[in-house]
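Visitor: model the following, please.
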Amino acid sequence: MKQSKKWYDYLWIFSLTYLILGFFNILFAWLGLLCFFIPLLIAIVKGNKAYCNKYCGRGQLFSLAGGRFGFSRNRDIPKWMKSKYFRYGFLIFFFVMFFFMLWNTWLVFAGSRELSKAVTLLWTFKVPWHWAYHGTLFSAGTAQFAFGFYSVMLTSTILGFLTMLLFKPRSWCVYCPMGTMTQLICKARNVTSSQKS
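Guide: Below is the predicted model of the structure:
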């Protein structure tokens with residue numbers, strides 16, 4: 001018997017809408033912080049990866065494109081991509097890039113650097129994105145953060161689609177920085193709980 005769909009089965013629409021809105025107005029990129037803080041809160045409070053398993057709209061998007069629409073080769077992801085070295089290494093790299101993004105945002109807030117109306121793909125290629133900036137009532141640093149955060153979200157989506165095409169639909173989930181981070185939080189929380197009991 002086919003199971004009825006739950007409300008969270010449609011969160012892929014949020015992920016897709018986020019990318020589209022950021023194309024037309026970069027300030028919508030701030031909404032991406034929900035995908036940053038909610039997984040952390042669930043891991044800290046509940047001690048599980050419910051966000052990854054149920055609520056991740058991006059993972060659902062990859063499942064839909066790779067599974068239902070057949071854009072995936074459906075091959076197993078290589079062992080080295082599953083290894084702790086790669087996953088933790090990618091998490092560290094992600095945090096370093098995230099720090100540089102915050103640093104550039106601070107420089108614009110401080111007035112030391114002008115707003116860069118560009119999106120950086122794969123942390124390397126600067127793509128002009130000026131049409132998506134229509135001004136802001138706040139500091140230009142607010143827009144700089146939006147450009148930077150949208151770059152992170154778009155880059156991770158591109159990586160996810162690439163691994164979806166080459167391997168199984170949700171192969172990105174194996175080395176997703178948020179997934180690795182929430183896993184570490186869950187492990188730490190469970191160790192603390194077992195020590196208390």
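
Visitor: for the residue positioned nearest the centre of the chain, which residues are in contact?
Guide: Residue closest to the average C-alpha location in the chain (C-alpha atoms, centre = their mean): residue 153, at 4.9 Å. Going by C-beta atoms under 8 Å, 6 or more residues apart in numbering, residue 153 touches 18, 19, 22, 29, 32, 35. (Each C-beta comes from the backbone N, C-alpha and C, glycine too.)

Visitor: list just the nearest of those residues to residue 86.
Guide: The nearest member of these to residue 86, counting by C-beta to C-beta, is residue 35 at 22.1 Å.

Visitor: now do whichever strand or helix holds the closest one, average pLDDT.
Guide: Element membership for residue 35 (DSSP states H and E) is helix 34-46. The average of the pLDDT scores along helix 34-46 is 95.

Visitor: check which residues of that helix are buried.
Guide: 35, 39, 42, 43 (16 or more other C-beta atoms under 10 Å).

Visitor: including distance to residue 105, could those go into TSV?
Guide: Listed next are these as TSV, based on distance: C-beta to C-beta, whole Å:
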residue	distance to residue 105
35	18
39	22
42	26
43	26
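
Visitor: mind exporting the C-alpha coordinates of the helix or strand of the chain with the lowest mean pLDDT to CSV?
Guide: None of the helices or strands of the chain scores lower by mean pLDDT, DSSP states H and E than helix 177-196, at a mean of 86. Output of helix 177-196 as CSV, limited to C-alpha atoms (Å, rounded to 0.1, in the frame of the first residue of the first chain):
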residue,chain,number,x,y,z
PRO,A,177,29.3,19.5,5.7
MET,A,178,26.0,20.0,7.6
GLY,A,179,25.5,16.2,7.7
THR,A,180,29.0,15.7,9.0
MET,A,181,28.7,18.4,11.6
THR,A,182,25.3,17.2,12.9
GLN,A,183,26.7,13.7,13.1
LEU,A,184,29.6,14.9,15.3
ILE,A,185,27.1,16.8,17.5
CYS,A,186,24.9,13.7,17.8
LYS,A,187,27.9,11.6,18.8
ALA,A,188,29.1,14.1,21.3
ARG,A,189,25.6,14.4,22.8
ASN,A,190,25.1,10.6,23.0
VAL,A,191,28.5,10.2,24.7
THR,A,192,27.6,12.9,27.2
SER,A,193,24.2,11.2,27.8
SER,A,194,25.8,7.8,28.4
GLN,A,195,28.3,9.3,30.9
LYS,A,196,25.5,10.9,32.9
